[in-house]
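1. heads up, no residue letters with this:
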């Protein structure tokens, strides 16, 4: 069985259903609660790496000192072609280490279920090919990738945050949204300028559409890990 290193960066930001989908596809997730002081490995010996979200910038080492080690592991994943999937902060961290730009408080915030447009470039992507043109995804961020790494494939966008999904090389993906989150998690979020009841209701309405799509993406990632 192949092992997946999952880096958790906040108390409430666990792998959720994304981790369940990877396990159901035959992988063995190992969640490291880095935010609680659990040690990350010096070198990446796992068969894949997933980095979850959190309220930090990718180089916010003063508040989140484990991010320095996480960045080193992400670089190793890129250099060794180890499959990598970064969610929110994890996607921003991928962009950062690969030469892109991440900006704090970039543009208008996104919160709750949001229509994400799948770009034509995704037609040849191992994870995003064949998805509907517009897919709902749960968002929760104010920081954003504002410039993609050189040579990255731009896979998805929204009006407020253009760089919603991208690929670096052949085996590293970053997404700004949260495919691991179910609507119930939204009840834990407090965001100025959004009506909590409305945000939750919209996510509940979109969940039957979004769940099978993001399960497909997770399953494709797992398959990529299993066949390497």
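-> Sure, I can see it. All values reported here derive from a predicted model rather than from experimental measurement. Numbers count the residues shown, from 1 in each chain.
2. Poorly predicted segments of this protein, please.
-> 190-192 (pLDDT under 70).
3. Any idea which residue is closest to the centre of it?
-> Closest to where the C-alpha atoms of the chain average out (C-alpha atoms, centre = their mean) is residue 87, at 1.3 Å.
4. Test my guess that that residue contacts residue 54.
-> No. Under the criterion of C-beta atoms under 8 Å, residue 87 is not in contact with residue 54, lying 9.8 Å apart. Heads up, the C-betas are built off the backbone N, CA and C, glycines and all.
5. Next, the closest residue to residue 207 other than its chain neighbours: phi, psi?
-> Nearest residue to residue 207, sequence neighbours excluded (C-beta to C-beta, 6 or more residues apart in numbering): residue 183, at 5.7 Å. Torsion angles at residue 183 (phi, psi; degrees, to the nearest 10) stand at phi -50, psi -30.
6. Can you report how many residues neighbour residue 183?
-> The number of residues packed around residue 183, counting by other C-beta atoms under 10 Å, is 19.
7. wouldn't it be in contact with residue 208 here?
-> No. Using C-beta under 8 Å, residue 183 makes no contact with residue 208, being 10.8 Å away.
8. in the protein, which spans are helices?
-> 16-24, 67-80, 89-97, 196-227 (DSSP state H).
9. Same list as before, those helices that is, but in JSON lines and with mean neighbour count and distance to residue 168 included.
-> Converted to JSON lines, those look like this (neighbours: other C-beta atoms under 10 Å; distance: least, C-beta to C-beta, whole Å):
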{"stretch": "helix 16-24", "mean neighbour count": "18", "distance to residue 168": "19"}
{"stretch": "helix 67-80", "mean neighbour count": "18", "distance to residue 168": "6"}
{"stretch": "helix 89-97", "mean neighbour count": "27", "distance to residue 168": "6"}
{"stretch": "helix 196-227", "mean neighbour count": "17", "distance to residue 168": "14"}
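10. okay if I get the ones you listed as TSV plus distance to residue 115?
-> Listed next are these as TSV, based on distance: least, C-beta to C-beta, whole Å:
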stretch	distance to residue 115
helix 16-24	20
helix 67-80	29
helix 89-97	18
helix 196-227	9
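11. Identify whichever of those helices lies nearest to residue 113.
-> Proximity to residue 113 (C-beta to C-beta) singles out helix 196-227 among these, at 4.1 Å.
12. Distance from that closest one to the middle of the chain?
-> In this view, helix 196-227 has its centroid 12 Å away from the chain centroid, taken as C-alpha atoms, centre = their mean, to the nearest Å.
13. other SSEs contacting that helix?
-> strand 2-8, helix 16-24, strand 27-33, strand 110-118, strand 134-141 (3 or more C-beta pairs under 8 Å, 6 or more residues apart in numbering; DSSP states H and E).
14. make it 10 Å
-> Packing contacts for helix 196-227, counted by 3 or more C-beta pairs under 10 Å, 6 or more residues apart in numbering; DSSP states H and E, involve strand 2-8, helix 16-24, strand 27-33, strand 48-51, strand 84-87, strand 110-118, strand 134-141, strand 172-175.
15. That one versus strand 27-33: what angle between them?
-> Calculated by axes from the mean of the first three to the mean of the last three C-alpha atoms, to 10 degrees, helix 196-227 forms an angle of 130 degrees with strand 27-33.
16. Let me know the angle separating helix 196-227 from strand 134-141.
-> Using the same axes, to 10 degrees: helix 196-227 against strand 134-141 is 110 degrees.
17. Before I go, just wanted to say thanks for your time.
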